[in-house]
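> what would the 3D arrangement of this be:
(one chain, ligands or ions: 3)
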Amino acid sequence: MGSNSVDLLQSSTGVHFSGLHLNELERRDFKMEKTTSSTENAYRQPFIIGVAGGASSGKTTVCNMIINQLHDQRVALVNQESFYYDLTDDEVALVHEYNFDHPDAFDTETLLCCLENLKRGKAVEIPNYDFKTHKCVSPSRKVNPADVVILEGILVFHDHRLRDLMNMKIFVDTDADLRLSRRIRRDTLEKGRDVKTVLDQYSKFVKPAFEDFILPAKKYADIIMPRGGDNHVAIDLIVQHICTKLGQHELCKIYPNLYVIQSTFQIRGMHTIIRDAQTTKHDFIFYSDRLIRLVVEHGLGHLPFQEKQVMTPTGSVYTGVEFCKRLCGISVIRSGESMENALRACCKGIKIGKILIHREGDNGQQLIYQNLPKDIADRQVLLLDPILGTGNSAVQAISLLLEKGVDEANIIFLNLISAPQGVHVVCKRFPRIKIVTSEIEQGLNEDFRVIPGMGEFGDRYFGTDDSYFGTEDD
Ligand SMILES: Nc1ncnc2c1ncn2[C@@H]1O[C@H](COP(=O)(O)OP(=O)(O)O)[C@@H](O)[C@H]1O
Ligand SMILES: Nc1ccn([C@@H]2O[C@H](COP(=O)(O)O)[C@@H](O)[C@H]2O)c(=O)n1
Ligand SMILES: [Mg+2]
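Numbers count the residues shown, from 1 in each chain. Ligands and ions are numbered 1, 2, ... in the order given. This next block holds a predicted model:
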């Protein structure tokens with residue numbers, strides 16, 4: 001795709017598409033642009049996708065197809081090949097001896113810096129590498145902040161610092177013969193090289209580097225994509241996943257085990273009522289219960305299930321699933337107890353245990369009381385606490401469950417609202433736990449209380465602090 005078609009694409013669809021080389025600028029002029037936006041706001045971080053694979057596997061083709069389908073998002077494409085080191089005149093004279101497929105051929109520090117800046121929502125200048133002179137030329141290419149950043153190149157999974165910045169890693173897995181035949185065609189037609197030179201370079205550098213560096217990095221991929229651009233199903237699924245992630249809260253991009261139930265006007269309406277300091281006790285309980293029920297139902301959806309066939313009254317077979325039987329609820333006293341009824345209403349006869357954690361000052365937490373099912377280690381555990389704030393109580397509660405032999409992956413932590421600080425603390429310490437919540441909060445105030453929050457949930461739900469309620473309505 002040439003730059004004209006990119007301009008056309010940008011103007012016609014609103015996509016910010018910026019993966020191409022422009023002409024004329026020395027690498028020495030390359031520098032990181034001062035930020036055009038001071039928004040290092042966590043909500044604005046782009047979704048970063050890495051696309052690796054052998055040379056001529058179809059990486060660029062796949063990226064262009066993804067970009068075309070993401071037509072209502074701003075997308076920036078960054079090619080690793082823009083970050084090749086300039087060759088010295090001596091190296092150019094002996095170019096056939098130069099290994100362009102080795103990780104050392106790339107200026108990874110500059111690439112890393114560019115990607116970090118794009119992640120922070122800053123515009124960057126990308127060098128313009130010329131395959132004929134093997135040097136950067138003017139002008140460099142300005143890449144504006146985008147919703148989605150795609151980094152494409154043979155070795156983008158090699159350095160762990162680059163991998164760590166990626167939210168999704170795709171490996172384009174194309175047959176070696178096809179890669180070689182495409183490379184011969186491309187390098188002879190587009191780069192003006194002869195077949196012998198292409199084949200020599202292939203056997204001396206390209207094939208060994210594929211085996212030594214590119215193929216071993218395939219294990220880091222989230223998606224291995226056979227047949228590259230011919231694999232339309234994979235491209236559709238990838239685009240669908242990106243769109244889902246973009247619609248989600250920023251934290252869900254970082255922690256795949258954090259589930260924020262999809263917001264609807266009904267859900268926002270319920271939040272509006274229970275967050276309102278003037279709401280009566282009756283309404284607070286009514287709408288909290290409605291929301292809790294939704295969170296509980298959503299959480300139950302994450303339990304493992306088994307396929308089951310039953311015979312219907314018409315004598316037909318219905319293939320369905322069987323509910324998980326080995327589960328229990330554990331409520332964090334006192335506010336977690338408000339969630340028990342919803343759990344009982346959904347799971348007939350469910351065992352419910354309790355944990356009491358005492359808050360000592362702002363940060364200290366102490367476990368005071370526990371009453372857990374004896375066979376808890378064999379159960380899936382739904383941990384109940386409507387508010388995840390600092391994460392300190394949650395860490396105490398989860399640590400106790402782990403001590404009792406519960407598998408971390410068998411814990412589903414259900415909240416109504418979660419502060420980002422608490423999510424970070426819990427997800428970093430227990431990466432296999434699942435958190436299901438209905439809204440992510442702005443943060444914590446100087447007293448470590450969740451904001452905007454809803455006050456002391458237990459007091460409002462159990463009616464132990466009249467100061468919350470202006471007029472009682474029942
Ligand atoms: N699915 C495909 N069918 C036919 N030709 C393809 C396909 N995918 C890529 N190509 C061609 O193969 C060459 C290399 O593809 P490209 O996407 O540039 O690979 P990479 O970026 O991995 O080097 C290009 O000339 C491209 O047009
Ligand atoms: N001056 C150069 C620089 C790189 N190459 C080859 O390009 C390949 C990587 O590009 P893809 O689009 O195929 O990923 C790599 O195999 C290098 O050998 C080159 O030939 N000359
Ligand atoms: Mg390419």
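
> so the residue of the stretch 301-450 of the chain found nearest ligand 1: helix, strand or coil?
Relative to ligand 1, the nearest point of the stretch 301-450 of the chain is P431 (32.3 Å; Cβ to the nearest ligand atom). The C-beta positions use only the backbone N, C-alpha and C, and glycine is treated the same way. Of the three states, P431 takes coil under DSSP: H, G, I helix; E, B strand; the rest coil.

> how much space between the residue lying closest to it once chain neighbours are set aside and ligand 3?
Spatial nearest neighbour of P431, excluding adjacent residues (Cβ to Cβ, 6 or more residues apart in numbering): N257 at 7.1 Å. Separation of N257 from ligand 3 (Cβ to the ion, to the nearest Å) stands at 33 Å.

> my guess is N257 meets V426, correct?
No: counting by Cβ atoms under 8 Å, V426 is not a contact partner of N257; they are 9.7 Å apart.

> more crowded one of the two?
V426 (24 against 18; other Cβ atoms under 10 Å).

> ok, now which ones touch that one?
By Cβ atoms under 8 Å, 6 or more residues apart in numbering, the contact list for V426 reads L388, G391, A394, V395, I398, F413, I433, I435.

> specify the beta-bridge partners of the first one.
Each beta-bridge partner of L388 is listed here, defined by DSSP bridges: S418.

> may I see the contacts of V426 arranged in JSON lines, with neighbour count as well?
Output for the contacts of V426, formatted as JSON lines (neighbours: other Cβ atoms under 10 Å):
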{"residue": "L388", "neighbour count": "26"}
{"residue": "G391", "neighbour count": "23"}
{"residue": "A394", "neighbour count": "28"}
{"residue": "V395", "neighbour count": "17"}
{"residue": "I398", "neighbour count": "23"}
{"residue": "F413", "neighbour count": "29"}
{"residue": "I433", "neighbour count": "24"}
{"residue": "I435", "neighbour count": "25"}
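
> roughly how far apart are Y129 and ligand 1?
Per Cβ to the nearest ligand atom, to the nearest Å, Y129 is found 14 Å from ligand 1.

> next one: K207
According to Cβ to the nearest ligand atom, K207 stands 15 Å off from ligand 1.

> which secondary structure element is home to that residue?
In the assignment (DSSP states H and E), K207 maps to helix 207-209.

> so which residues make contact with that helix?
N99, D101, H102, I154, A176.

> likewise stretch 227-247?
With Cβ under 8 Å, 6+ apart, stretch 227-247 has contacts from 47, 49, 53, 57-59, 61-62, 65-66, 69-70, 73, 147-148, 167-168, 170, 172, 174, 223, 225-226, 252-253.

> what residues does the stretch 101-250 of the chain put near ligand 2?
D101, F131, H134, G153, I154, V206 (Cβ under 6 Å from any ligand atom).

> switch the cut-off to 8 Å
When proximity is defined by Cβ under 8 Å from any ligand atom, the stretch 101-250 of the chain lies next to ligand 2 at 101, 105, 129, 131, 134, 152-154, 183, 186-187, 191, 193, 201, 205-206, 209.

> how about whichever residue of the stretch 101-250 of the chain sits closest to ligand 3, phi and psi?
Ligand 3 sits closest to E152 of the stretch 101-250 of the chain, with a gap of 6.0 Å, by Cβ to the ion. Here is the backbone geometry of E152 (degrees, to the nearest 10): phi -120, psi 140.

> that one contacts K59, doesn't it?
Yes: with contact defined as Cβ under 8 Å, E152 and K59 form a contacting pair (4.9 Å).

> now T174: closest residue in space that isn't a chain neighbour?
Nearest one to T174, counting by Cβ to Cβ, 6+ apart, is S57 at 4.0 Å.

> in contact with the closest residue to Q73 other than its chain neighbours, which residues?
Excluding the flanking residues, the one nearest Q73 by Cβ to Cβ, 6+ apart is D147, at 4.6 Å. By Cβ under 8 Å, 6+ apart, the contact list for D147 reads P46, F47, Q73, R74, V75, L246.

> appreciated, that's everything.
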